[in-house]
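Undergrad: This is the structure alone, sequence omitted:
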């Protein structure tokens, strides 16, 4: 038993070293020694950094705090924030429940067409969201491939919050599935085998070895999915339509606000940015936890 | 000793830094040359940026190519969208040379913003509303009154989009008429499942059969004759949409912009518009500038 613990600890140290990228190792080695290099690098980075950050700054500077507060109590703005939170949390839950077995299959399963399946699951990340919306409509719409069977059973999905969740899940779930399958693949087989030899059943191995060793990466992937779902626009507006309080999420309200009331749109945009930024910070935090638990 | 095979393999993959850097440089060079690549030669090629309402897409694309045939050095580049989106883009400084709006209100937004002079605005076309239902008509809608039947799914454009505003005007005019019930507008609005961001999205949702009925322009319905059926709205309740066009004050191509507008107003331009179902510029109200 103690031998197994020791082996696990050694494997984790080895894994930590391997998990550090080339970049991180080089940074540790030379970063603080060569100062001129740092300066030159900063100068070379500056134009692009400004280009990426200036629009965000402009957006924040455009609204006064009083403006933001006034619009936050506006029922249509509050409605959009609430709908966005509820639908994205559903998306997050569904993705973790449905995506985890799929990610494990991709990481561990050896079956013909695995590479093709892996690439297919990346497609929603790169396809224009409008394509995703049309695809969902022809699959689950009233006269869609599966939709007309559902319709016959009295289930109509389009124009409901369910459609919003489906659009978000379709576009955002691959982020979690990718992260989870990479994390599962990085868990050492030998540790799992050792646990199995020591009497753990398949669920025990997953719950006590695989899951704890990959939990930080899973959280990082889940948060990325959440952030992407929060920003989902194209697939939602095509598949779910736009109705305040039912399918009008924050990005849709921002788009319509751009046409009607620019300052309300800017308030929502800032709220969305702050939420997304907080989630992305959490992703960093989760991924740093991985390094720490490994050590 | 245990070794983590999969992870170590990952690093072997990028073992040759020279090859990696070389391929990165080549990619970068290609990207930069593609970005800066210009076609030299020819007499002063001009690109005219025309911001036009989504409902003009078919007609203006054709007018644009005819204009290019007549003026081979001019390429007309269109930005089609909801008139309100376009007006927003222009007042935020988008580089438009010509703005063609689907209603006077959005043209006036730009006039008030100072980007267009009200004396330069002309009306070039009119349009009218029509109710559309999918060809197989799942909700069995036969009359305008049927739109108020409970449980049907109606798709409208958002009220910020001209056609959405016109649809509301039609509903309120109908509610005031004895042949409809007084609660007609309220009942129809209860059936709305989505307020789309432009008229083409309303058309698509009905053409796909997702919605039971929608309200669009006659010209839009004409583009999907195989998938939608129309129900006419009588003149008494209908809204005649007025399409104004104008050059932007700070356009760098102002003479070309004037030529393009003249072409739209000419018999050639008006014929194209008529073939797409538009009503002639002369048959309807003319432009009245906003009170300042």
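TA: That came through fine. As the structure is a computational prediction, the values presented were derived from the model and not from experiment.

Undergrad: got the domain boundaries for the chain?
TA: Unless you meant another one, I'm taking chain A. For chain A, automatic domain parsing gives the domain ranges A:2-33, A:64-294.

Undergrad: wait, chain B
TA: Split by automatic domain parsing, chain B gives B:46-126+B:242-283, B:127-231.

Undergrad: Report whether the longest one contacts chain A.
TA: In this case it means domain B:46-126+B:242-283. Yes - part of domain B:46-126+B:242-283 sits near chain A under the criterion C-beta under 8 Å from any C-beta of the partner chain, namely B:82, B:84, B:85, B:88. In this view, the C-beta of every residue, glycine as well, is placed from N, C-alpha and C.

Undergrad: Report the rounded mean pLDDT for the host helix or strand of the last one.
TA: For residue B:88, the enclosing helix or strand under DSSP states H and E is helix B:83-91. Per-residue confidence for helix B:83-91 averages out to 92 on the pLDDT scale.

Undergrad: Please tell me how far the next helix or strand after it is from the chain's geometric centre.
TA: Per DSSP H and E, the first helix or strand lying C-terminal to helix B:83-91 is strand B:98-100. For strand B:98-100, the separation from the chain centroid amounts to 12 Å (computed by C-alpha atoms, centre = their mean, to the nearest Å).

Undergrad: Is the residue in the stretch 151-295 of chain A positioned nearest to chain B part of a helix or strand, or is it coil?
TA: For the stretch 151-295 of chain A, the residue closest to chain B is residue A:241, as judged by C-beta to the nearest C-beta, at 2.8 Å. Look at residue A:241: counting by DSSP: H, G, I helix; E, B strand; the rest coil, its state is coil.

Undergrad: show me what contacts the spatially closest residue to it that is not a sequence neighbour?
TA: Once flanking residues are discounted, residue A:241 sits nearest to residue B:194: 2.8 Å by C-beta to C-beta, 6 or more residues apart in numbering or on different chains. Residue B:194 makes contact with A:159, A:240, A:241, A:242, A:243, A:247, B:155, B:156, B:205, B:211 under the criterion C-beta atoms under 8 Å, 6 or more residues apart in numbering or on different chains.

Undergrad: ok, now with 7 Å
TA: A:159, A:241, A:242, A:243, B:155, B:205 (C-beta atoms under 7 Å, 6 or more residues apart in numbering or on different chains).

Undergrad: Closest approach to chain A from chain B, which residue is it?
TA: For chain B, C-beta to the nearest C-beta, closest residue to chain A: residue B:194, 2.8 Å.

Undergrad: Confirm that that residue sits in a strand.
TA: Yes - Residue B:194 forms part of a strand when assessed by three-state DSSP.

Undergrad: In contact with the residue of the stretch 151-295 of chain A closest to chain B, which residues?
TA: A:158, A:159, A:247, B:193, B:194, B:196.

Undergrad: repeat for residue A:133
TA: A:167, A:234, A:235, A:237, A:238, A:239.

Undergrad: Could you list which of the residues you listed also contact chain B?
TA: Restricting the contacts of residue A:133 to those touching chain B (C-beta under 7 Å from any C-beta of the partner chain) yields residue A:237.

Undergrad: sorry, back to before: tell me the bridge partners for the residue nearest to residue A:241.
TA: residue B:155 (DSSP bridges).

Undergrad: Tell me which stretches of the stretch 1-150 of chain A form helices.
TA: A:2-19, A:22-30, A:35-62, A:65-72, A:75-108, A:114-126, A:129-140, A:147-152 (DSSP state H, counting those that start in this stretch).

Undergrad: Alright, that wraps it up for me.
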